[in-house]
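> predicted coordinates and the sequence they were generated for:
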Amino acid sequence: VQVVESGGGPVQSGDSLTLTCATSGSHYDIQAMGWYRQFPRKQRELVASITFRFEDTNYAESVKGRFTISRESGKNTIHLQMNNLTPEDTAVYYCNVITEIVGGGARGPQYWGQGTQVTVSS
């Protein structure tokens, strides 16, 4: 299974950035995809997620109103549009893929991307 992230990099405070994640190769259906981030010496935390069946979204309080997660229609690809970035958003961002048994039901494996660094300078 491949989970390929792109779009990270250095930006200035107030700038925008879009992260993209594409997955392929799974024999399971995708239940949801999302983005997590990890600060140095901290646990990974959820940033935003989207379900594939109904495209329900979920956001961390700290990014509500600034970040938008979306799915490309018909594709196993999601985007995270990040606006008004601040230095506090500096972290490694990881794409997460949650799968389910084909036809719905039991959870299948989950997969992670390799991470992409986002650095926001003031």
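Yep, that arrived.

> my guess is T119 contacts S13. True?
No - the pair T119 / S13 is not scored as a contact, 10.9 Å apart, by CB atoms under 8 Å. For the C-beta atoms, the positions are set from N, CA and C on the backbone; glycine is no exception.

> so where's the chain uncertain?
Within the chain, the segments meeting pLDDT under 70 span 104.

> which residues in it form helices?
Along the chain, no segments are classed as helices by DSSP state H.

> grab the most central residue of it for me.
Nearest to the geometric centre of the chain sits W35, at 2.2 Å (CA atoms, centre = their mean).

> got the contact list for that one?
If you count contacts by CB atoms under 8 Å, 6 or more residues apart in numbering, W35 has them with 19, 21, 46-49, 69, 78, 80, 93-96.

> beta partners for it?
Applying DSSP bridges to W35 gives these bridge partners: A48, C95.

> what number of residues lie near the residue lying closest to Q81 once chain neighbours are set aside?
Nearest non-adjacent residue to Q81, counting by CB to CB, 6 or more residues apart in numbering: T68, 4.5 Å away. The number of residues packed near T68 is 17, by other CB atoms under 10 Å.

> T68 against I50, yeah?
No - checked against CB under 8 Å, the pair T68 and I50 is beyond contact range at 10.0 Å.

> if I look at the residue nearest to Q81, how far off is N58?
T68 sits at a distance of 12 Å from N58 (criterion: CB to CB, to the nearest Å).
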